[in-house]
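> sequence plus predicted model, see below.
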Amino acid sequence: MKPPATTLPVRPVHDRETDVLVIGAGTAMAAAMAAHELGLSTVIVEKTAYVGGSTARSGGAFWIPGNSALEAGGADDSIERAAQYLEAVVGDTGPAPRWRNYLTHGPATVDMLVRMTPMRFGWNRGYADYHPELPGGSAVGRTCDCRPFDLSVLGEERARLRRSRMRKLPMPVTGGDYKWMNLMARTPHKAFPRILWRAAQGLAGLAMGKEYVGGGQAMAAGLFAGVLRAGIPIHTRTAVRELLLDGDRVVGAIVVQDDREVTITARKAVVVGAGGFDHDLERRRALQSSTLQPRWSLGNSGNTGDLLDIAGKVGADTVLMDQAWWFPAIAPIAPGEMPMPLLAERSLPGSFIVDDAGERFVNESIDYMSFGQRVIERERAGKPVGQMWMVFDQAYRNSYVFATLLNPRQAIPQEWLDAGIVRKASDPAALARATGLPETAFTATFERFNRLAAAGVDDDFRRGASAYDRYYGDPTVDPNPNLRPLRRGPFYAAKVVLSDLGTCGGIRADEFARALRSDGSPIGGLYAVGNAAGNAFGDTYPGAGATIGQGLVFSRIAVLHAAGRLR
């Protein structure tokens, strides 16, 4: 596929030999740094005009048990306990040697990033694992993220960093900040000191010629800075056309930059980290859901699955192609626009979600991947949920951040009402009519939810029973921070669609990140990492940042194996 045209400067690529060829400039940049530390030459090629991949568009957290940031933060955890958890979570949906090697090499990967980049990491204490009630699970969590990062260290290369999909704020925002920003109207004593500190940090930085960012921008920029510090070339606008074979071993690739065809020979390894097939709609509709629409995925727009096909031509098998990092979102205002993700919003009290029968069908507060899987399971069982609606009252709107509405008391934009993505009514029956939901079923659901919420116990779906549910709840609501009756209108219903953070099926890989054939044999010289590879955790998501975590860790594992350091 020809890379997109752009006015950004590009480093010309030429025929060359290298030890390691890295395909994709997201978390796979960690592979290039690992190679550099071992004294190996390396080259990165990236199809799009920008560096950072889906990481740059994400929350930027990583889930890597036993790492030094957890230890420094006082986390009382162990690799053994994390192994117990993954055994319970993954079960037989993914090969145990793969996630066990991930745990073994995770801490050393974080240490490498501290050595090789300007990034510093912190523990997001309290951000529970996604299934903390299972053996080995943690209610205080294992999620870490990058501290606010100064983009000015990138110099002129700043223009090549992929931008965030988030609304730009004049301050860096970490994962922990996000939690409390949602509660600024309810817990101002906790929220405003953080907001003021971050705002002061951002403004002071600007005064000194710095530009501090958080989240995925911080992580992607930090990786980019590490690569630049090491002098590793990154050739953007450079797409892979085919992989080169010497017998049955991959020894490089033919790439195309601005219509010029170039051969890069790799003596040790070709590491594929080019993302999934997020924007290959035809393949996704065939393998995942026929309801998916263009631009509903929040993943990097360059993730079109090219390398899955190219690797398939040299024998690579695929796995988990029906899976994605699902993420419910508010429907886009117009066709072709992107949806607005729902994270904390689903857990906050005074709201619930219904299907097109007007009935609840899921614990609204569960992790986003599990939420999506419940939707897909219904579709595959022949009982699709159809159009989903998130229902809330005015007290909810006055209390919390909602989608892109950062002011809790901000009115629902007229544009949203005119587009029909939010409906408004004075009572439940009128809201049912406004949304086209069955009036009797919806009003019964409304009344039952209110009874359960008043008691503080969700008998139907156990909302609020998990520590993960409660993390994004409202701590001022007692006895259940995720439940409150909807008592007074006006009432609202926001149209919900199933978006995602990207696909998580891809090239079948083993515990060393080697690409495998359908018979399980490894393809010499070829490795797959990140979303280009099948999820190391099978069909599950153990905790916030597990996708970035495995991209980083398996990038380092791949290079260690290629260099003969792992067997």
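Yep, that arrived. Numbering: from 1, shown residues only.

> make it CA atoms for all contacts and neighbour counts henceforth
Noted.

> can you confirm Leu486 is in a strand?
No. Counting by DSSP: H, G, I helix; E, B strand; the rest coil, Leu486 is not found in a strand; it is coil.

> what count of nearby residues applies to it?
26 (other CA atoms under 10 Å).

> and for the nearest residue to it once chain neighbours are set aside, the neighbour number?
Closest residue to Leu486 apart from its sequence neighbours, by CA to CA, 6 or more residues apart in numbering: Gly350 at 5.5 Å. Neighbours of Gly350 under the rule other CA under 10 Å: 23.

> what does Ala286 give?
10.

> my guess is it is in a strand, correct?
No. Counting by three-state DSSP, Ala286 is not part of a strand but helix.

> any idea which helix or strand in this protein has the lowest mean pLDDT?
Across the helices and strands of the chain, mean confidence by mean pLDDT, DSSP states H and E is lowest for helix 188-207: a mean of 84.

> where along the stretch 151-300 of the chain do the strands fall?
Along the stretch 151-300 of the chain, counting by DSSP state E, counting those that start in this stretch, strands occupy 212-213, 234-235, 238-246, 249-257, 260-272.

> coming back round to it: flag every buried residue along the least confident helix or strand of the chain.
Neighbour counts using 16 or more other CA atoms under 10 Å place Ala191, Phe192, Arg194, Ile195, Arg198, Ala199, Gln201, Gly202, Leu203, Gly205, Leu206 of helix 188-207 among the buried residues.

> which residues are in contact with that helix?
The contact list for helix 188-207 (CA atoms under 8 Å, 6 or more residues apart in numbering) reads Pro170, Met171, Pro172, Val173, Asp177, Trp180, Met181, Leu183, Met184, Glu211, Tyr212.

> of those residues, grab the buried ones for PyMOL.
In PyMOL, a selection of the buried entries from those looks like this (16+ other CA under 10 Å):
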select buried, resi 170+171+172+173+177+180+181+183+184+211+212
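
> now for the contacts of helix 188-207, which pair is the farthest apart?
Using CA to CA, the two most remote members of the contacts of helix 188-207 are Leu183 and Glu211, lying 25.9 Å apart.

> could you tell me the least trusted of the strands of the stretch 151-300 of the chain?
Mean pLDDT is lowest for strand 212-213 among the strands of the stretch 151-300 of the chain, at a mean of 93.

> ok, back up a step: isn't the residue nearest to Leu486 up against Arg484?
Yes. Counting by CA atoms under 8 Å, Arg484 is a contact partner of Gly350 at 4.7 Å.

> who touches both of the two?
Contacts common to Gly350 and Arg484, judged by CA under 8 Å, 6+ apart, are absent.

> before we move on, back to that, and the contacts of helix 188-207, which of them are in helices?
Among the contacts of helix 188-207, the members found in helices (DSSP state H) are Asp177, Trp180, Met181.

> just those now: which is nearest Ala274?
For the ones in helices among the contacts of helix 188-207, the nearest to Ala274 is Asp177 (30.1 Å; CA to CA).

> distance of the residue lying closest to the closest one once chain neighbours are set aside from Leu417?
Computed as CA to CA, 6+ apart, the closest residue to Asp177 that is not its neighbour in sequence is Arg194, at 6.7 Å. From Arg194 over to Leu417 the distance is 33 Å, taken as CA to CA, to the nearest Å.

> one more: Ala403?
15 Å.

> so how far is stretch 340-354 from its chain's centroid?
When C-alpha coordinates are averaged (CA atoms, centre = their mean, to the nearest Å), stretch 340-354 and its chain have centres 18 Å apart.

> residue furthest from the geometric center of this protein?
Taking CA atoms, centre = their mean, the residue of the chain most remote from its mean C-alpha position is Thr440, at 38.2 Å.

> show the contacting residues for it.
Counting by CA under 8 Å, 6+ apart, Thr440 makes contact with Ala429.

> my read is it is in a helix, agree?
Yes. According to three-state DSSP, Thr440 belongs to a helix.

> for it, give me the pLDDT.
Looking at Thr440, the pLDDT reads 98.

> measure it to Ala311 for me?
Distance from Thr440 to Ala311, by CA to CA: 53 Å.

> same question for Met33.
Taking CA to CA as the measure, Met33 falls 23 Å from Ala311.

> looking at those two, which is more packed in?
Taking neighbours as other CA under 10 Å, Met33 and Ala311 compare with Met33 leading, 29 against 22.

> what residue ranges in the stretch 1-150 of the chain score low on pLDDT?
1-7 (pLDDT under 70).

> residue ranges for the helices of it, please.
Applying DSSP state H, counting those that start in this stretch to the stretch 1-150 of the chain gives helices spanning 29-37, 68-72, 79-90, 96-116.
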